[in-house]
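S.K.: fold the following, please.
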Amino acid sequence: MSTAPQELDAATKAGRRRSALLSVGAACVLVVLKLVTGLITGSLGLLAEAAHSGADLVAALLTLFAVQVASQPADSDHQFGHGKAEHLAALAESAFLVAVSGWLGYEAISRLLDGGSHAVDAAWWAIAVIGLVIVIDLSRTIGSRKASVKYDSPALAANALHFAGDLAGSVAVLFGLIGVAAGWKAADSVAALVVAVLVIAAAVRLLRGSVDVLMDRADLRAVSAVQEAIAGMVRPEDLRRLRSRHAAGRNFVDVVVAVRSDAGLELAHAHADDVERAIQASLPGADVVVHVEPTAHEGGTRETATAAALRVPRVHEVHNVGVLALAAGGEEVTLHVKVAPDLTLEEGHDIAEQVEEEIRSAVGGGLRVTTHIEPLALPSDASPVADDEAWAEREAVECAVREATGRDPGLIEIRDTGAGRVVLVTILLPGERSVGEAHGTAATVEHDVRERCPWVADVVVHTEPEPPEERAARGA
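M.R.: Model (predicted):
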């Protein structure tokens, strides 16, 4: 089973878009400041930072577009949503950064080899401009980082990483201008080379992260979280497959677990629900798909036969499965199979033959199978019977329970149904008794009530453990 992907709420969408717009505005201001100052002073470091910020401007525009696309809900063509648009944008950003860093490195090395023929004017106002740039870089780095954490956005996280690189590059340019002012002509080129190295390092980190997501690389942290969440629910050998990927702040988890082959559809579905809830508690908002498969037959002929019979179409219920060891050798399986009551005898017989063939195929050997076909009981109306109208049944129940348990029954209910009168009785037994012993006592009570009241259609005996205080009084 699976859960539908949860769409981003309006506040998250607005927050992501607002942060992206601020990045675009800041990038525009920085490009103008660095480019104009670099052209006037002839500083390669400032021109390098202008190119770096220009790439960031393109990246910020890509991020703004990607965030808008990624926020769109899933549709028939994109059934897992549009979250990977952010990672495609981050991949494009890394390509821009690689191109910029290549140009910066080439220019810086050329100037260093040229021996400093390019004059740089390290004026005080240029140093003041780079100081203002550092302040802007610091503020937008902190702002984008907070927004990426708050809105769990990889595109905004990529912006924060770029801005941190800008900050480091701006500091390097500042020291380069100070070095030129102090008489070291190559300081500006060295600063430009530092910026190139910072840009290529950021590009490599961004490229690796984007490729990992686009190639659906396993999210090891999510895998570990899922394993811990379902450790107490699924045996290690019953966890057949666990796959996880991450895109745009959402985990996608695919799990295959094994359940008992005779568990039935309802129990298997309930188990899948439990596994799904445990995973979502560990990874909130995750898109979870849980598939169940039958375990290998571990319980012998009885369990194998039960599972095989339930696989046959139109079989609603299987009970009273018995295995007989034949004197001549081999085994014989007997079982009761319930089918729809409106089927013809011929149709019921065909189902019985399918059941027998399925069991023989599953168990193997020269197995004999005898199937008893029963109609599936339909719901019938029931009405309670007043005490004065059922005094005989109540008296019979009280006597039978006292003889079998030495105490009064816990509860007696008598109802009239279309099939006849039904007696429901609850008996209390020591909690340390085995299920087999408790069943034997219940069978004795049922037999005695039927003997005393042969007109009763059915007797249902429910067993419960005695209250803890009674057990303590017995010293058990």
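S.K.: would you mind measuring from S282 to L242?
M.R.: The gap separating S282 from L242 is 13 Å, by Cβ to Cβ, to the nearest Å. C-beta: built from backbone N, CA, C; applies to glycine.
S.K.: any shared contact partners between those two?
M.R.: Contact criterion Cβ atoms under 8 Å, 6 or more residues apart in numbering; residues shared by S282 and L242: V226.
S.K.: helices or strands next to the helix or strand G143 falls within in the packing?
M.R.: Assigned by DSSP states H and E, G143 falls within helix 124-151. Judged by 3 or more Cβ pairs under 8 Å, 6 or more residues apart in numbering; DSSP states H and E, helix 124-151 is in contact with helix 10-41, helix 44-70, helix 154-181.
S.K.: find the least confident helix or strand in this protein, judged by mean pLDDT.
M.R.: helix 44-70 (a mean of 66; mean pLDDT, DSSP states H and E).
S.K.: what is the rounded mean pLDDT of the helix or strand that that one is followed by?
M.R.: Toward the C-terminal end, the helix or strand that comes next after helix 44-70 (DSSP H and E) is helix 84-114. Here helix 84-114 scores 74 as its mean pLDDT.
S.K.: repeat for stretch 193-212
M.R.: Averaged across stretch 193-212, pLDDT comes to 74.
S.K.: same question for stretch 233-246.
M.R.: 79.
S.K.: which residues touch whichever strand or helix holds G440?
M.R.: Assigned by DSSP H and E, G440 falls within helix 435-452. With Cβ under 8 Å, 6+ apart as the contact definition, helix 435-452 has outside contacts at 392-393, 396-397, 399-401, 403-405, 423, 425, 427, 429, 456, 459, 461-463.
S.K.: hmm, try it at 6 Å
M.R.: A396, V397, A400, V401, A404, L429, V459, V461, T463 (Cβ atoms under 6 Å, 6 or more residues apart in numbering).
S.K.: what's the most distant pair in those residues?
M.R.: The most widely separated members of these, counting by Cβ to Cβ, are A396 and L429 (19.7 Å).
S.K.: out of those two, which sits in the busier spot?
M.R.: A direct count of neighbours by other Cβ atoms under 10 Å for A396 and L429 places A396 higher, at 20 against 17.
S.K.: what's the neighbour count on L378?
M.R.: Counted with other Cβ under 10 Å, L378 comes out at 9.
S.K.: pLDDT at it, what is it?
M.R.: If you check L378, the pLDDT there is 75.
S.K.: my reading is that it lies in a strand. Confirm?
M.R.: No: L378 is assigned coil when assessed by DSSP: H, G, I helix; E, B strand; the rest coil, not a strand.
S.K.: phi, psi of it?
M.R.: phi -90, psi 150 (degrees, to the nearest 10).
S.K.: the spatially closest residue to it that is not a sequence neighbour: how many residues sit nearby?
M.R.: Excluding the flanking residues, the one nearest L378 by Cβ to Cβ, 6 or more residues apart in numbering is P341, at 6.6 Å. By other Cβ under 10 Å, 11 other residues sit near P341.
S.K.: so for the helix holding G143, what gets flagged as buried?
M.R.: The neighbour-count check on helix 124-151 (16 or more other Cβ atoms under 10 Å) flags 126-127, 129-130, 133-134, 136-138, 140-141, 143-145, 147-148, 151 as buried.
S.K.: mean confidence for it?
M.R.: 79.
S.K.: ok and that helix relative to helix 154-181, angle-wise?
M.R.: 160 degrees (axes from the mean of the first three to the mean of the last three Cα atoms, to 10 degrees).
S.K.: what's the spacing between helix 124-151 and its chain's center?
M.R.: 38 Å (Cα atoms, centre = their mean, to the nearest Å).
S.K.: the strands in the stretch 351-476 of the chain, which residues?
M.R.: 368-375, 382-384, 411-417, 420-429, 458-465 (DSSP state E, counting those that start in this stretch).
S.K.: report all helices and strands that the third one contacts.
M.R.: Put plainly, it is strand 411-417. For strand 411-417, the packing partners by 3 or more Cβ pairs under 6 Å, 6 or more residues apart in numbering; DSSP states H and E come out as strand 382-384, helix 391-405, strand 420-429.
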